[in-house]
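**Q** Let's see this in three dimensions:
(2 chains)
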Amino acid sequence: MGDGVIKNKGLRVGLFLALAVPIALQHGTAAADRPTAGVVLPKDVRVPNDLALGVYLPAYLRRHAAYLPNGIWLRPGVALEGGISAALSGFFPESFSVVRGEEKAFGLLLDIHPVVRGKQQDVEVTLNYRVINASGEVVLDGAAVAENGVGNPYSGSGTRDAAGKAAQHIAVELLTKLKPDAVKYPASMQIKSVDGMRLVDHEKPVSTGTGFYVNAAGQILTAAHVVHDCALIEAKREAAAVPIRLLAESQLVDLAVLDSGTAQEHFLALRAGGHPLLGEPIVNVGYPLQPLLAGSPNLTRGNISSLSALAGALGQIQFSAPIQPGSSGGPIVSDRGELLGIAQATLNGSAGGSPQMVNFALEARYIAMFLKKNSIAFSEIAPAGPADSQRGNDAALAAVLSLACYQ
Amino acid sequence: VNVLLALLSMLPMLCLSPAHADEAASPAPLPAMRYYGSPITSDLYDAIKADPYFTRLEKELPGSPIVLRVTHTLELTSGGRAAALTTVVLAAVTLGIIPIVVNQDVVVTYEVLVNTVPVATYSYRRNQSQSHNVWNQNDKTFGLGADGLAWVKTTVTPFLAAAREDPALAALLEEYRYYFAAPAVADAAH
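**A** Have a look, this model is predicted:
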């Protein structure tokens, strides 16, 4: 056994039979686009139906993925979406996945929020759904539940087939109760016209982060990864959360600017023409670990620990004020109250050892370039007056707010 | 004499024209980016980096927000499922004398990601049948066979051609230049 090779032939045969046969059988699981037992259409309902059905699924489903170097992608969300899509296309050949930012028109919108649970040898998929018409009204809602054997865990066949079964039940409900067709519901809706509040699961945000005001018009700067793919973004300071609008984003510099639509007295101005100084004290304010931590801002202090970051990083500097998940988008402010950067990332343990307080921020000069490129007003101030930690703290605290992303 | 002078005056143009043609054919290189490949696709690195468009590709660039990820997947076809099921049973009954036959699509995918968000994706697919003997534990082709491995290498050429024509990558290069190609100039402008 020295080199990991099993020498005993009997044991090898046993292992082969134990592993190969079940794997082969798993490949033979039922496809999601075949009719499932218990799915019965009334006689007066004809399929295929010519309705242009838009199908909305939260974008995070497509992002959860892991790649095994032997050539296998683990994409449970994609498997689930594939099962839903295959099942619905059997009833509605004109159905398609709706992606925010695209303009393809549809007649009805099927808004699905899935929940997947493991149950011993089975997987259970619950599809919570709403059907929205061109007037923005919810004309049908409910939950469809289906189970399936786990199947091939690599391909997600069990999840795919369970999702397909549940989607078939939704299709039957939709056909039976609404009796839709392309004449009754012409393709006149676009995703941009659908109220985000109606679309999302508002009970729990997909992610949270931090932002801060950059001008008196109430425009907010944050990290792009905080708000990417959100169907609804809400900002909260002390009062109730309010929806805000994405104005521009750049993945390359990981920045996004949002519009609150409300004038602000307090905002952060960038340090004029100046770069941060190595070792200078800074303050970071953010709303990490929401909703685990209470909703008041977290203030941490540290210093500029390096004027560069990881090899290959673009425009980032390193700082030592502690940050946590949810701190992204928070300001890095000097003791004279000027904005020096925006928190974007931290070094985790995968780099080896136990990195401590190795955090990265985009330098303010790139923030200025981003704002100029997108015609967003901002101010600059030259360092003036005495450096005082309270001054930096007050400036940062007055401008920050928490952000929540919903899908 | 006039003809001779005319020819002499054209000489610099003639000398310069080949270099000029090369310059036109070779666009400015894309920004530095990190390469990630699976065991099968890691061999493609040198071929991609040899192209002037990807000359700034690096394997060790942990902080780069731009990544070229090249992965392969094996997708069983519906016919391949049936064949695999049948031959697995036969292989089991004959204690591995009869090999397992699998029909599958090999898919090689090139993705350019910016801070984990895909901005360009190119996929190449090939169907192939492979037989696997249960007693052969030393397959160094990762189940693809020599032909399959050779095919994977051929996907570099169409990928490079598609990448050069892709407006999404041209836009990425333009944005990179705005922020980072000449920071001193940008500072001065500001």
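
**Q** phi, psi of the closest residue to A:P297 other than its chain neighbours?
**A** Computed as C-beta to C-beta, 6 or more residues apart in numbering or on different chains, the closest residue to A:P297 that is not its neighbour in sequence is A:V285, at 5.1 Å. C-beta: built from backbone N, CA, C; applies to glycine. As for A:V285, its main-chain torsions (degrees, to the nearest 10) stand at phi -120, psi 140.

**Q** Next up, the contacts around A:V285.
**A** A:V285 is in contact with A:210, A:212, A:297-300, A:330-331, A:333, A:393, A:396-397, A:400, counting by C-beta atoms under 8 Å, 6 or more residues apart in numbering or on different chains.

**Q** Please narrow those to those residing in strands.
**A** Using DSSP state E, the subset of the contacts of A:V285 located in strands is A:T210, A:F212, A:N298, A:L299, A:T300, A:P331, A:V333, A:V400.

**Q** how deep is the third one tucked in, by neighbour count?
**A** Going back to what we said before, that points to A:N298. 20 (other C-beta atoms under 10 Å in any protein chain shown).

**Q** Repeat that for the fifth one.
**A** A:T300 has 21 neighbouring residues, counting by other C-beta under 10 Å.

**Q** hang on, it packs against A:N284?
**A** Yes. Under the contact definition of C-beta atoms under 8 Å, A:T300 touches A:N284, with a separation of 5.2 Å.

**Q** Where does the prediction get shaky in the chain?
**A** Answering for chain A, as no chain was given. Within chain A, the stretches falling below the threshold (pLDDT under 70) are A:1-38, A:274, A:349-353.

**Q** To clarify, I was referring to chain B.
**A** When the per-residue scores of chain B are filtered using pLDDT under 70, the ranges that remain are B:1-26, B:78-81, B:83, B:134, B:136-137, B:182-190.

**Q** How about it: which residue is closest to chain A?
**A** Closest approach between chain B and chain A, counting by C-beta to the nearest C-beta: B:G63, at 2.7 Å.

**Q** which residue ranges form the helices in chain B?
**A** For chain B, helices defined by DSSP state H occupy the ranges B:2-25, B:45-49, B:78-93, B:145-154, B:156-165, B:167-176, B:183-189.

**Q** Compute the distance between B:L74 and B:L57, please.
**A** From B:L74 across to B:L57, the span is 25 Å (C-beta to C-beta, to the nearest Å).

**Q** same check, this time on B:L172
**A** For B:L172, the distance to B:L57 under the criterion C-beta to C-beta works out to 14 Å.

**Q** Could you do A:N359 as well?
**A** Taken as C-beta to C-beta, the span from A:N359 to B:L57 is 28 Å.

**Q** Looking at the two, which has the bigger crowd around it?
**A** Neighbour count, other C-beta under 10 Å: between A:N359 and B:L57, A:N359 has more, with 25 against 21.

**Q** OK, contacts around the more buried one?
**A** The neighbours of A:N359, taking C-beta under 8 Å, 6+ apart as the test, are A:Q318, A:F319, A:S320, A:A321, A:P322, A:I323, A:A343, A:A345, A:T346, A:L347.

**Q** From the residues you listed, pick the one nearest A:K165.
**A** Distance to A:K165 across these (C-beta to C-beta) is lowest for A:A345, with 40.9 Å.

**Q** so how many other residues sit close to that closest one?
**A** Residue neighbour count, defined by other C-beta under 10 Å, stands at 23 for A:A345.

**Q** And for it, nearest residue in space, chain neighbours not counted?
**A** Spatial nearest neighbour of A:A345, excluding adjacent residues (C-beta to C-beta, 6+ apart): A:F360 at 4.6 Å.

**Q** leaving aside the residues next to it on the chain, what's closest to A:G315?
**A** Counting by C-beta to C-beta, 6+ apart, A:G315 lies nearest to A:Y366, which is 4.3 Å off, once chain neighbours are set aside.

**Q** Please determine how far the one you found is located from A:H169.
**A** Applying C-beta to C-beta, one obtains 51 Å for the distance of A:Y366 from A:H169.

**Q** which of those two has more neighbours?
**A** Under the neighbour definition other C-beta under 10 Å, A:Y366 and A:H169 were set side by side, and A:Y366 has more, 23 against 20.

**Q** Contacts for the helix or strand harbouring that one, please.
**A** Secondary structure assigned from DSSP states H and E places A:Y366 in helix A:364-373. Surrounding helix A:364-373, the residues in contact under the criterion C-beta under 8 Å, 6+ apart are A:214, A:221, A:250, A:253, A:255, A:257, A:270-271, A:275-276, A:315, A:338-342, A:377-378, A:380, B:178-179, B:183, B:186-187, B:190.

**Q** Weed out the non-buried ones from these.
**A** The neighbour-count criterion (16 or more other C-beta atoms under 10 Å in any protein chain shown) marks A:214, A:221, A:250, A:253, A:255, A:257, A:270-271, A:276, A:315, A:338-342, A:378, B:178-179, B:186 among those as buried.
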